[in-house]
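In: Here is my input, please return the structure:
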Amino acid sequence: MLSFFHSVREDVAAVFESDPAARSYAEVLLCYPGLHAVWLHHLSHWLWRRGMRFLARLNSQFARLLTGIEIHPGQRLDGGFSSTHGMGTVIGETAVVGDDSHFIRV
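Out: Numbering: from 1, shown residues only. All right, here's what the predicted structure looks like:
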């Protein structure tokens, strides 16, 4: 559980580093779908690694419906990943996403 909260802090910090329009922690926590997609992906990936593939895919589809961002549950996201204006973004299982990656969709 502690690592989840560490990840949340790291994810929020990545948004502030990459998006000059981010004004407050409340705004980032509540209004950034890219951040929500990453957090829901953490759950999907956890389920995937434990062999609960159907639940992982179901959660990833819920995340896609909620955020407009699709991240395959088998994808490993390194720390500091953020996505700004990510509607329609798809990150497949075989994509390579490294530390401090930032996706901007215009």
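In: pLDDT value on the most centrally placed residue in the chain, please?
Out: The C-alpha lying nearest the average C-alpha coordinate of the chain belongs to Val38 (CA atoms, centre = their mean; 1.3 Å). Val38 is assigned 86 on the pLDDT scale.
In: I figured it was touching Val8, is that so?
Out: No. Look at Val38 against Val8 with CB atoms under 8 Å: they stay out of range, at 9.5 Å. Every residue, glycine included, has its C-beta placed from N, CA and C.
In: Helix, strand, or coil at the residue nearest to the centre of the chain?
Out: Assigned with DSSP: H, G, I helix; E, B strand; the rest coil, Val38 falls in the helix class.
In: Please report the distance of it from Gly51.
Out: 22 Å (CB to CB, to the nearest Å).
In: Ser18 versus the residue of the chain most remote from its centre, what's the distance?
Out: Ranking residues of the chain by C-alpha distance from their mean position (CA atoms, centre = their mean) puts Gly51 at the top, at 20.5 Å. Counting by CB to CB, the gap from Gly51 to Ser18 is 34 Å.
In: And Leu66, by the same measure?
Out: In terms of CB to CB, Leu66 sits 22 Å off from Ser18.
In: out of those two, which sits in the busier spot?
Out: Ser18 (19 against 12; other CB atoms under 10 Å).
In: which other residues reach the helix or strand encompassing Ala56?
Out: Following DSSP states H and E, one finds Ala56 within helix 53-67. When contacts are defined by CB atoms under 8 Å, 6 or more residues apart in numbering, helix 53-67 is touched by residues 33-34, 36-37, 40-41, 43-45, 47-48, 69-73, 86.
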